[in-house]
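J.: Quick one: sequence and predicted model below, then my questions.
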Amino acid sequence: QQSGRRYNLFLKRRLRIDKRHQSKDSIFFRDGVRRIDFVLSYVDDLNKEWEKKLERRKEFESNLQKAGLELETEDKKESEDGKIFFVKIHAPWEVLITYAEVLNIKVPIRENDIPPTVENPLDCVLFPLRLPEKVMHPEPDYFTAPFSKDKQELYLINDESTFFSPSTRNRIVNYILTRCPYGTEEGKKKFGIKRLLNNGTYTAAYPLHDCQYWKKASDPNCDSERYTLYMEWARFLRFYKEQPLDLIRKYYGEKIGIYFAWLGFYTEMLFLAAVVGLICFLYGLFTMDENMSSKEICDPSIGGEIIMCPLCDRDCDYWRLNTTCESSQYSHLFDNVATLFFAIFMGIWVTLFLEFWKRRQARLKYEWDLVDFEEEQQQLQLRPEYEAKCTQKKRNPVTQEMEPYLPLTSQAVRFCISGATVLFWVSLIIASMIAVIVYRLAVYAAFAGLMENTQSLQPISGLLTPQLATSVTASCLNFVIIMILNFFYERIAIWITDMEIPRTHMEYENRLTMKMFLFQFVNYYSSCFYVAFFKGKFVGYPGAYTYMFNRWRNEECDPAGCLIELTTQLTIVMAGKQIWGNIQEAIVPWICNWWGRRKARNNPENLYSRWEQDHDLQTFGALGLFYEYLEMVIQFGFITLFVASFPLAPLLALMNNILEIRVDSWKLTTQYRRPVAAKAHSIGVWQEILNGMAILSVVTNAFIVAFTSDMIPRLVYYYAYSENEDSPMSGYINNSLSVFQISDFPVRNEPKENPESFVICRYRDYRYPPDHEKKYLHSMQFWHILAAKLAFIIIMEHVVFIVKFFVAWMIPDVPADVKARIKREKYLTQKILHEYELEKLKERLCQGDKRATEKEFIATEGRMELSRAM
């Protein structure tokens with residue numbers, strides 16, 4: 001029996017090999033001529049819905065053929081698992097030119113004869129970073145014009161089968177698929193491939209990759225662009241090379257191309273910020289031994305003699321200041337004069353980044369024929385879901401056609417539900433942050449009691465002070481909570497955006513972007529805002545501490561300042577997010593595709609077809625780029641909003657982004673089905689978000705330098721309170737600590753034991769001593785420092801904002817040479833079109849066409865003259 005089965009299997013495979021001569025890895029129909037532009041797959045399962053699904057498929061495929069598309073079905077017997085049917089779709093020339101006119105697709109009319117820009121003198125130095133010219137510029141530059149069926153002679157149509165690129169072809173077919181009806185259910189007209197995918201009628205719909213990524217296609221008619229992208233772009237060993245943006249745009253479309261252009265430009269600009277940040281860090285490292293504050297804390301005769309008040313009520317003991325010696329030394333790495341310089345530098349850097357990106361984007365718009373592409377074109381294209389769910393119609397004031405609309409009352413109800421849901425989840429984040437704060441307060445007391453040696457009051461924990469131990473564990477806990485909330489909120493955000501029924505795809509993306517960004521902003525940054533601006537600011541003083549919920553005593557900052565704790569928080573959350581993100585992006589798709597790749601290796605290519613190989617890959621999805629942008633924008637927030645506390649943040653971001661570019665390109669090229677090409681002339685609403693964060697970053701960094709670091713108190717002491725001219729900063733630590741008389745402790749705060757019978761203890765604040773008439777009230781030095789902090793914030797903000805706006809005004813958004821080229825191209829294109837119309841009129845006059853009057857001829861010539869004059 002086994003030998004009989006093997007023989008039958010052999011016959012089946014032999015029959016499949018002999019059935020067609022060409023390889024099944026081909027991207028053409030069985031005739032080897034018609035290109036496969038799209039593939040639909042389905043499983044013919046015999047369940048309750050089987051007949052309904054069959055009816056839908058018949059109707060849908062029939063309507064696709066009525067729309068002019070050509071279909072070819074692969075029986076399930078031909079598939080590797082014997083279960084999946086594949087419907088291959090080809091768009092003939094007539095369909096392509098019809099919808100090219102509908103979608104206003106630009107096509108070449110003449111090769112560009114404008115001389116290239118002057119070569120960069122640094123090209124010889126940058127030669128090792130360059131890619132071959134054929135990879136960087138896979139096709140010549142042309143003058144283009146929107147396609148019109150009536151002017152086909154005008155365009156450079158050398159071969160109808162290759163005139164429209166594969167990405168343009170799949171975009172046209174996808175446009176038809178999303179609007180093709182498949183019947184009426186429950187009295188409503190149903191249409192669109194997305195709905196058919198959701199209800200299980202089809203299992204997948206995707207355009208094909210042109211070859212396997214690890215080897216070129218055997219078919220000479222295939223360009224093997226996927227292989228080129230993998231070899232020159234998607235491998236990590238090419239991390240130092242430039243990106244082939246024109247080839248990315250040609251293969252994946254402008255929307256994906258503009259993302260990688262932005263990510264590459266952002267990474268290039270990070271190099272400058274990373275170098276300056278590293279220099280600031282090294283300055284702190286080399287001057288660490290010269291820091292007078294840490295010297296005094298570590299000195300046994302100064303810090304060893306200063307007895308500090310207990311860190312918690314009852315269970316904690318008195319402790320000596322020199323127990324925080326090592327943490328105070330390390331805090332100098334980030335809390336020094338260079339911190340102020342770097343905060344100002346980053347305020348200017350972010351402006352340069354955004355302004356130069358606008359110029360880079362303008363150049364790409366020109367090079368990729370997106371100058372006249374406006375989002376208004378997309379506004380006219382309603383989402384299929386909007387058309388399906390909105391039964392009422394009204395006249396569009398622009399097109400004067402009847403179209404579906406959502407009544408105002410329905411919109412109001414949906415927005416109220418949406419707003420309430422977002423507010424609930426943001427409140428949930430704040431509640432979780434309060435829970436982490438409560439954890440910090442509860443555990444802080446435990447760490448403080450555990451880490452102090454009551455016998456000798458000597459350090460038993462080295463660098464790990466109670467404050468730092470609490471900060472590290474709370475940061476890790478906070479990161480876990482962030483990831484859990486993210487997991488649930490992503491699904492909630494998509495659900496409520498779907499419920500709102502946005503009118504267009506652009507509107508849908510913008511609404512989802514704002515919801516997700518608001519949530520992620522609060523989720524990722526709330527803990528950093530707490531440490532930077534709230535921790536240690538509302539502690540009170542011994543004998544009159546402030547309590548959360550009248551139970552947990554508020555946290556104090558380390559005697560060396562809170563900045564080191566903000567650095568710890570920022571490092572854990574930022575680094576953890578980047579590591580987790582790369583694991584999700586690279587390892588998860590690789591594991592999911594492992595089985596498919598195993599089949600691809602174990603079967604000859606004539607048994608494992610191109611459409612089956614792509615079917616086994618992951619789906620990139622309409623929101624694939626959305627998550628990539630979101631990840632990078634959150635990272636942008638970390639390196640701008642809190643960069644004054646961690647100068648190495650841009651360096652971490654740079655290293656991550658070098659990896660990110662290759663991970664994103666690798667997964668897109670090897671692990672995902674080919675996405676449907678889409679147009680975009682900018683990064684969209686993300687540009688406004690980046691602008692907003694750039695402005696906010698100036699404010700946050702000014703507050704961090706003023707209120708979180710110890711720079712302003714040190715400067716006030718240096719200029720106003722120092723009594724030692726030879727060493728102006730000596731005595732600063734003693735000056736910054738107030739005195740408390742232990743006998744004034746209430747029972748609630750007093751330690752259980754005082755074995756050495758201390759009379760006074762010190763605490764971090766500027767208050768009058770117990771023998772002063774204004775006992776324990778804020779001293780005049782406190783108000784001097786507060787005034788200096790507020791003055792510093794105002795001055796720094798105004799200086800940075802003035803420089804930012806001056807730089808933005810100085811740098812034009814569009815380079816002068818690009819402006820000139822756009823005008824030149826428009827003029828030449830108009831001239832070509834007018835000459836073409838004039839020639840057609842001459843032909844009609846010669847043929848005796850009565851409609852082609854002499855006046856029309858004169859008018860056309862006059863229009864050409866006017867165009868030349870303009």
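T.: Good, I have the coordinates. Numbers count the residues shown, from 1 in each chain.
J.: so how far is Gly200 from Glu49?
T.: Remark: distance between Glu49 and Gly200 (Cβ to Cβ, to the nearest Å) = 7 Å. To be clear about C-beta, it is placed using only N, CA and C from the backbone, and glycine gets the same treatment.
J.: swap that for Ala493, please
T.: 25 Å.
J.: what about those two, which has more around it?
T.: Neighbour tally, Ala493 and Gly200, criterion other Cβ atoms under 10 Å: the higher count belongs to Ala493, 24 against 14.
J.: Assign that one to helix, strand or coil.
T.: helix (DSSP: H, G, I helix; E, B strand; the rest coil).
J.: One more: Gly304?
T.: For Gly304, the assignment made with three-state DSSP gives coil.
J.: for Pro146, phi and psi?
T.: Dihedral pair for Pro146: phi -60, psi 140, per degrees, to the nearest 10.
J.: Neighbours of the closest residue to it other than its chain neighbours, how many?
T.: Among residues not flanking Pro146 along the chain, Asn104 sits closest, at 5.0 Å (Cβ to Cβ, 6 or more residues apart in numbering). Look at Asn104: counted by other Cβ under 10 Å, it has 14 neighbours.
J.: isn't there a helix covering Asn104?
T.: No - per three-state DSSP, Asn104 lies outside any helix segment and is coil.
J.: Next, report how far the helix or strand that Val276 is a member of is displaced from the centre of its chain.
T.: Following DSSP states H and E, one finds Val276 within helix 254-286. Chain-centre distance of helix 254-286: 15 Å, with Cα atoms, centre = their mean, to the nearest Å.
J.: got the buried residues for the next helix or strand after it?
T.: Moving toward the C-terminus from helix 254-286, the next helix or strand (DSSP H and E) is helix 292-298. Residues of helix 292-298 classed as buried by neighbour count (16 or more other Cβ atoms under 10 Å): 292-298.
J.: In terms of helix, strand or coil, where does the most centrally placed residue in the chain fall?
T.: Centrality entry for the chain: nearest residue to the mean C-alpha point is Tyr629, 1.9 Å, by Cα atoms, centre = their mean. The three-state label for Tyr629, taken from three-state DSSP, comes out as helix.
J.: Show the contacting residues for it.
T.: Counting by Cβ atoms under 8 Å, 6 or more residues apart in numbering, Tyr629 makes contact with 259, 513, 683, 686.
J.: Closest to Pro746 out of the residues you listed?
T.: Nearest to Pro746, judged by Cβ to Cβ, of the contacts of Tyr629 is Thr513 at 52.7 Å.
J.: Next, count neighbours for that closest one.
T.: Neighbour number of Thr513 under other Cβ under 10 Å is 22.
J.: ok, and for the helix or strand where it lies, which residues are buried?
T.: Secondary structure from DSSP H and E places Thr513 in helix 505-533. Neighbour counts over helix 505-533 (16+ other Cβ under 10 Å) mark 505-517, 519-533 as buried.
J.: before we move on, what about stretch 169-185?
T.: Buried-residue list, stretch 169-185, by 16+ other Cβ under 10 Å: 169-174, 176-180, 182.
J.: of all those, which comes closest to Thr287?
T.: Of the buried residues of stretch 169-185, the one sitting nearest to Thr287 (Cβ to Cβ) turns out to be Arg171, at 58.3 Å.
J.: residue contacts, that closest one?
T.: Residues counted as contacts of Arg171 (Cβ under 8 Å, 6+ apart) are 103, 253, 676-679.
J.: Doesn't it belong to a helix?
T.: Yes - applying three-state DSSP, one finds Arg171 inside a helix.
J.: ok, now how distant is it from Thr619?
T.: Between Arg171 and Thr619 the computed distance is 17 Å (Cβ to Cβ).
J.: thinking again about what came up before, phi first, then psi, for the residue nearest to Pro146.
T.: Note on Asn104: backbone dihedrals following degrees, to the nearest 10 are phi 60, psi 40.
J.: Out of the buried residues of helix 292-298, which is nearest to Leu247?
T.: Of all the buried residues of helix 292-298, Ser294 has the smallest distance to Leu247: 54.4 Å, by Cβ to Cβ.
J.: Go ahead and confirm that closest one touches Thr287.
T.: No - in terms of Cβ atoms under 8 Å, Ser294 does not count as a neighbour of Thr287; the distance is 10.7 Å.
J.: list the residues that contact both of the two?
T.: His332.
J.: C-alpha coordinates for stretch 557-571, CSV please?
T.: C-alpha atoms of stretch 557-571 as CSV (Å, rounded to 0.1, in the frame of the first residue of the first chain):
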residue,chain,number,x,y,z
CYS,A,557,15.8,62.9,45.8
ASP,A,558,19.3,61.6,46.3
PRO,A,559,21.5,64.2,48.1
ALA,A,560,23.4,64.5,44.8
GLY,A,561,20.1,65.4,42.9
CYS,A,562,17.3,63.7,41.1
LEU,A,563,18.9,63.9,37.6
ILE,A,564,20.7,60.5,38.0
GLU,A,565,17.3,58.9,38.7
LEU,A,566,15.8,60.5,35.6
THR,A,567,18.7,59.2,33.6
THR,A,568,18.1,55.7,35.0
GLN,A,569,14.3,55.9,34.2
LEU,A,570,15.0,57.2,30.6
THR,A,571,17.7,54.6,29.9
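J.: pLDDT on that stretch, on average?
T.: Stretch 557-571 shows a mean pLDDT of 77.
J.: which outside residues touch it?
T.: In this structure, residues lying in contact with stretch 557-571 by Cβ under 8 Å, 6+ apart are 293-294, 297, 308, 321, 324, 327-328, 330-332, 334-335, 339, 465, 467-468, 471-472, 475, 478, 527-528, 531-532, 535-536, 638, 642, 645-646, 649, 652, 704, 708-710, 733, 737, 764.
J.: now, which of the residues you listed lie within helices?
T.: 293-294, 297, 327-328, 330-331, 339, 467-468, 471-472, 475, 478, 527-528, 531-532, 638, 649, 652, 733 (DSSP state H).
J.: Relative to Glu74, which of the buried residues of helix 292-298 is nearest.
T.: Proximity of those to Glu74 was ranked by Cβ to Cβ; the top entry is Ser294 with 73.4 Å.
J.: wait, what's in contact with the closest one?
T.: By Cβ under 8 Å, 6+ apart, the residues touching Ser294 are 288, 325, 328-329, 331-332, 560.
J.: which residues of the stretch 451-600 of the chain score low on pLDDT?
T.: Applying pLDDT under 70 to the stretch 451-600 of the chain flags the ranges 451-467, 558-561, 595-600.
J.: Give the next helix or strand downstream of the lowest-mean-pLDDT helix or strand in the chain.
T.: For the chain, scoring each helix and strand by mean pLDDT, DSSP states H and E identifies helix 2-19 as the least confident one, at a mean of 44. Following helix 2-19 in sequence order, the next helix or strand is strand 38-43 (DSSP H and E).
J.: Quick check: which helices or strands does that next one pack against?
T.: If you count contacts as 3 or more Cβ pairs under 8 Å, 6 or more residues apart in numbering; DSSP states H and E, strand 38-43 packs onto strand 84-90, helix 166-177, strand 204-206, helix 610-615.
J.: And the helices in the stretch 751-870 of the chain, which stretches?
T.: Remark: helices assigned in the stretch 751-870 of the chain by DSSP state H, counting those that start in this stretch are 780-810, 816-846, 854-869.
J.: Just the buried residues of the helix holding Val276, please?
T.: 254-267, 269-270, 273-274, 276-277, 280-281, 283-284.
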